[in-house]
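Colleague: got a structure for you, letters missing:
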């Protein structure tokens, strides 16, 4: 079993930055990819990006490429989502999730955190 807990959400002005954290625990999470998803008001949940725990390879949605960066700290068992140049359309609840493979589809992720709200004001 893998447990994930997000933190770091809040209110930020457009053009600003925010870093989200995802604390990961469990016996076998080292075999997983950790993904970030978001769900804005009235929108479907969408893939933001993911990172492989073992190698640190990263993958991003086109909508955030060049603005968002995913990293992981093995010593702290934590994955980060650094968000720069934020836009009002980035307003959403952000979730981290674990999957046994790299995938853009949310149904491939078996374990989810509770989510953290990010609101970008214009």
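Modeller: That came through, no problem. Computed from a predicted structure; not experimentally measured.

Colleague: for residue 73, phi and psi?
Modeller: Reported as degrees, to the nearest 10, the phi and psi values for residue 73 are phi -120, psi 100.

Colleague: for it, list the residues it contacts.
Modeller: 79-80 (Cβ atoms under 8 Å, 6 or more residues apart in numbering). Any C-beta I mention is one placed from the backbone N, CA and C, and that applies to glycine too.

Colleague: how close does it sit to residue 99?
Modeller: 20 Å (Cβ to Cβ, to the nearest Å).

Colleague: again with residue 109
Modeller: Taking Cβ to Cβ, one finds residue 109 at 4 Å from residue 99.

Colleague: quick check: residue 30 touching residue 56?
Modeller: No - using Cβ atoms under 8 Å, residue 30 is not in contact with residue 56, being 11.9 Å away.

Colleague: give me the most central residue, the chain.
Modeller: residue 36 (2.5 Å; Cα atoms, centre = their mean).

Colleague: not counting its neighbours along the chain, what's nearest that residue?
Modeller: residue 48 (4.1 Å; Cβ to Cβ, 6 or more residues apart in numbering).
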